[in-house]
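[1] Provide a 3D model corresponding to the input given below.
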Amino acid sequence: MTAEYKVHGDVAVITLNNPPVNGLGLATRQGITAGLEKAQADAAVKAIVITGAGKAFSGGADIREFGSPKAIAEPNLLSVILAVENSTKPVVAAVHSIAMGGGLELSLGCHYRIAAPDCNVALPEVKLGLIPGAGGTMRLPRVMGVETALNMIVSGEAVKSELLFAQPGQKLFDRLAKSADSLLDEALAFAREVAGKRPLPRVRDLPCKHPMGDAYFQFARNMVKGMAKNFPAPVKCVDAVEAATKKKFDEGMLAERETFMNLMLTPESRALRHIFMAERAASKIPDVPEDTPKREIRKVAVIGAGTMGGGISMNFLNAGIPVTILEMKQEALDRGTATMRKNYEAQVKKGKLKQDKYDQRMSLLSTTLKYEDLKDADLVIEAVFEDMGVKQTVFETLDKVMKPGAILASNTSTLDVNKIASFTKRPQDVVGMHFFSPANVMKLLEVVRGEKTAKDVLATVMAIAKKIKKTAVVSGVCDGFIGNRMIEQYSRQAGFLLDEGATPQQVDRAIEKFGFAMGPFRMGDLAGNDIGWAIRKRRAQERPDMKYSRTADKLCELGRFGQKTGAGWYDYQQGKRDAIPSRLVEDMVAAHRKEQGIEPRKISDDEIVQRLVFSLVNEGAHILEEGIASKASDIDMVYLTGYGFPVHRGGPMLYADQVGLFNVMQAMKRFQQNPRDDAKFWEPAPLIRKLVAEGKGFNG
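    Got it, this is the predicted structure:
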């Protein structure tokens, strides 16, 4: 049973016991209602306490049942809360650690509530594109006041129990316990104290009004609309709380439920729920059990003090792990550490970092010019120039000096990790750790698994990624891994669109309107167009059949590498990042079309978006077929956390599911007919054909 029943003298205690956060799954809901019935039938029981075992009262819905029939099977949460509310004996909620979502709603159905200090209290449903669905929008305003409740519901953020208890006029908590340890004893004493009191107080019977109702809700709606942009749920939260102030309780409950069910069907909520599950699933590797022993990482070494090396080092310093940076020249070390100091000082200036924390982080940093000084590190990450010869020198040296069992990681973004591993006598200890720039800010970490990478190395790197607050996704070895392999197809399409008649600003504008943080041409200017140029030169040797637009090469031949040179696809003014359309680039593209005998045509924004996004989808399908990614949701996590894909669309693979894979395939077949495009590339991946034939999507 995931809800235990025990009698303490004249008080029955129902303890939710469904680790890790006592999710309100079907078995738990059945256990609560069975416990209530038992207590009602026992004449010796005068009152009931509901609490949670372990590290939570309850975190709400059981995510393992999301989308399954169990999630809504009776008794559903509304029925459980009704049973609690209608109990003829007083029910006291003893909340501690975590009381969120359905867990908080369950406590609001109880007659009394006692909280341990330091309990995180929240209704976070808005983060899944929903509103609370079991009375949260009706009951919280009645106990916390309309404004505090609405702020909590719209933000979804947790507030500490003692802060809520200190609010004047609050009726959420009747008592604040001395500590989590004494909570149960204090709850039992409180239950005995209220055992004889009648009538039993119910939150639903409390008044709910705002003195300036209409004006306040209009103001709130305007504020939320400005901030919520692509998400419908925050505005619906305002509507629901307004309904709590204007409708009878049961009518308000019906309105809340209807809104909840409607939001469940929106693409935005599906996207957010998908991301929530995908983030958790990314850390699970099919053939690496969760109990795989991990190596201890006490000290880290980073090779290279450039932008990447410095950013990587900051992640570990932030997590309290000592770092030694190695460079070949003292000037390079000084330059690198100066940049790190500048980054930290900017945070101190903005009040985001306390001075003592900054001092503590810098005290964990040491620098060296000698490889021997790295010999005690448990993990070494190489962040040197992207060239196989340079990597070979580094890894051969590391193989000689590093202690046995140290993890040797490469930050390569495209090179063959198996080849890098072959430069050592310990390929089992070699792994790719591809950070994204700026490495101290970007959430994504591609963990590249070599043919011989040991399972405990993978498990250790995934655990350390969590410690440094990264979203780690495992990739197999191929050119560009998951993210850069796909973005190459996206960039190729952007080039073809220019050839055919679009301008850089039209392409960027269309994809930014779709929701991308930045279009392909602005992205190229930011990253440096010379990086793509180097890849295309390598491609010309390795894959001469690969077709590209010549416009990007011509841009680089003009020395227009992007923001760093003050000119790329756009012009830039010194010290500013604003992208100004360039007449010179327009003329260059027009001359190129003339050379190629291309008559420019009008290209719609829809075509731009479909060609860019579906190119990601088709390449993503090949990546899944080849086993480079183990699941479609991993590809989505890469694009959401590393490439600015719009969150409200849930990643390229989920977006394809939402559009319908049949429709995606039809579009690909249309693009195959375009003589200026790459017909071979647009051949739908066998996986897409198979899923369409079975009537399925990438995510089931």
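[2] so what's the nearest residue to residue 73 once chain neighbours are set aside up against?
    Excluding its sequence neighbours, the residue lying closest to residue 73 (CB to CB, 6 or more residues apart in numbering) is residue 26, at 5.3 Å. All C-beta atoms are positioned from the backbone trio N, CA, C, and that covers glycine. Residues near residue 26 by CB atoms under 8 Å, 6 or more residues apart in numbering: 65, 70, 71, 73.
[3] roughly how far does the third one sit from residue 63?
    Taking CB to CB, to the nearest Å as the measure, residue 71 and residue 63 are separated by 10 Å.
[4] got the domain ranges for the protein?
    Following automatic domain parsing, one gets these domains for the chain: 3-264, 300-475, 483-694.
[5] export the ones you listed to CSV and tack on mean pLDDT and distance to residue 293?
    Listed next are the domains of the chain as CSV, based on pLDDT from 0 to 100; distance: least, CB to CB, whole Å:
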stretch, mean pLDDT, distance to residue 293
domain 3-264, 95, 21
domain 300-475, 95, 6
domain 483-694, 94, 22
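[6] what's the spacing between the residue nearest to residue 73 and residue 219?
    41 Å.
[7] cool, and residue 598?
    Taking CB to CB as the measure, residue 598 falls 54 Å from residue 219.
[8] and the two? Which one has more around it.
    For residue 598 versus residue 219, the count of surrounding residues by other CB atoms under 10 Å is larger for residue 598: 15 against 12.
[9] isn't the more buried one right next to residue 500, touching?
    Yes. Counting by CB atoms under 8 Å, residue 500 is a contact partner of residue 598 at 6.8 Å.
[10] what touches both of these two?
    Taking CB under 8 Å, 6+ apart as the contact rule, the neighbours common to residue 598 and residue 500 are residue 676.
[11] look at residue 403 and give its secondary structure.
    Recorded secondary structure, residue 403: coil (DSSP: H, G, I helix; E, B strand; the rest coil).
[12] mind listing what it touches?
    Going by CB under 8 Å, 6+ apart, residue 403 touches 375, 376, 377.
[13] pull the residues that contact the helix or strand hosting residue 522.
    Residue 522 is part of helix 520-527, with elements assigned from DSSP states H and E. For helix 520-527, contacts defined as CB under 8 Å, 6+ apart pick out 437, 490-491, 494, 504-505, 507-508, 511, 518, 532, 552, 562-563, 568-570, 572, 579, 612, 644.
[14] give me the buried entries from those.
    Among those, those buried by neighbour count (16 or more other CB atoms under 10 Å) are 490-491, 494, 504-505, 507-508, 511, 518, 532, 552, 562-563, 568-570, 572, 579, 612, 644.
[15] just the ones in helices from those residues, please.
    Judged by DSSP state H, those include 490, 491, 494, 504, 505, 507, 508, 511, 532, 552, 612 as members of helices.
[16] got TSV for these, with distance to residue 337 too?
    Shown next, in TSV, are those (distance: CB to CB, whole Å):
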residue	distance to residue 337
490	36
491	34
494	38
504	37
505	39
507	40
508	36
511	38
532	30
552	35
612	40
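[17] quick one: which of these is nearest residue 198?
    residue 511 (64.0 Å; CB to CB).
[18] does the closest one touch residue 610 like I think?
    No. Using CB under 8 Å, residue 511 makes no contact with residue 610, being 10.6 Å away.
[19] excluding its backbone neighbours, what's nearest residue 304?
    Excluding the flanking residues, the one nearest residue 304 by CB to CB, 6+ apart is residue 383, at 4.0 Å.
[20] check contacts around that neighbour.
    By CB under 8 Å, 6+ apart, the contact set of residue 383 is 302, 303, 304, 306, 308, 309, 312, 411, 435.
[21] do that again at 10 Å, thanks
    By CB atoms under 10 Å, 6 or more residues apart in numbering, residue 383 lies in contact with 302-313, 325, 394, 409-412, 433, 435, 439.
[22] in PyMOL, select just the buried ones from those residues.
    The PyMOL selection below is limited to those of the contacts of residue 383 classed as buried (16+ other CB under 10 Å):
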select buried, resi 302+303+304+305+306+308+309+310+311+312+313+325+394+409+410+411+412+433+435+439
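[23] list the buried residues for stretch 262-273?
    For stretch 262-273, the neighbour count (16+ other CB under 10 Å) marks 263, 266, 267, 268, 269, 270, 271, 272, 273 as buried.
[24] quote the end-to-end distance of that stretch.
    Taking CA to CA, to the nearest Å, stretch 262-273 runs 15 Å from one end to the other.
[25] begin at 17, not 1, for the rest of this chat.
    With the count now opening at 17, the last piece we talked about shows up as stretch 278-289.
[26] now do the contacts for residue 269.
    Residue 269 makes contact with 94, 98, 149, 150, 151, 153, 154, 155, 220, 259, 260, 263, according to CB under 10 Å, 6+ apart.
[27] please flag which of these sit within strands.
    Secondary structure from DSSP state E places none of the contacts of residue 269 in strands.
[28] could you work out the most separated pair of those residues?
    Maximum pairwise distance in the contacts of residue 269, criterion CB to CB, is 19.1 Å, between 98 and 259.
[29] my guess is residue 378 meets residue 360, correct?
    Yes. Counting by CB atoms under 10 Å, residue 378 does reach residue 360; the two are 7.1 Å apart.
[30] common neighbours of the two, please.
    Shared contacts of residue 378 and residue 360, defined by CB under 10 Å, 6+ apart, comprise residue 333.
[31] still on that earlier bit, any shared contact partners between residue 87 and residue 79?
    Common contacts of residue 87 and residue 79 (CB under 10 Å, 6+ apart): residue 41.
[32] closest to residue 34 among the contacts of residue 419?
    Taking the contacts of residue 419 together and measuring to residue 34 by CB to CB, the closest member is residue 393, at 41.1 Å.
[33] and the closest one, backbone torsions?
    phi -70, psi 140 (degrees, to the nearest 10).
[34] that older thread, residue 378 and residue 360: which is more packed in?
    More crowded of residue 378 and residue 360, by other CB under 10 Å: residue 360, with 22 against 13.
[35] that one - nearest residue in space that isn't next to it in sequence?
    With CB to CB, 6+ apart, the residue lying closest to residue 360 is residue 374, at 4.9 Å.
[36] my read is that the one you found contacts residue 380, right?
    No. Residue 374 lies out of contact with residue 380 (CB under 10 Å); the separation is 11.3 Å.
[37] what sits in contact with each of the two?
    Residues touching both residue 374 and residue 380 (CB under 10 Å, 6+ apart): residue 333.
[38] show the contacting residues for residue 81.
    Contacts of residue 81 (CB under 10 Å, 6+ apart): 39, 40, 41, 42, 43, 87, 88, 89.
[39] and if we set it to 6 Å?
    Shown in contact with residue 81 (CB atoms under 6 Å, 6 or more residues apart in numbering): 41, 87.
[40] and the host helix or strand of the residue nearest to residue 360, C-alpha only, in PDB?
    Taking DSSP H and E as the criterion, residue 374 maps to helix 371-379. Output in PDB follows, covering the C-alpha atoms of helix 371-379 (Å, rounded to 0.1, in the frame of the first residue of the first chain):
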ATOM      1  CA  GLN A 371      31.300  39.000  -2.700                       C
ATOM      2  CA  ASP A 372      32.200  36.200  -0.200                       C
ATOM      3  CA  LYS A 373      30.800  33.500  -2.700                       C
ATOM      4  CA  TYR A 374      32.900  35.100  -5.500                       C
ATOM      5  CA  ASP A 375      36.000  35.000  -3.300                       C
ATOM      6  CA  GLN A 376      35.300  31.400  -2.300                       C
ATOM      7  CA  ARG A 377      34.900  30.300  -5.900                       C
ATOM      8  CA  MET A 378      38.100  32.000  -7.100                       C
ATOM      9  CA  SER A 379      40.000  30.400  -4.100                       C
END
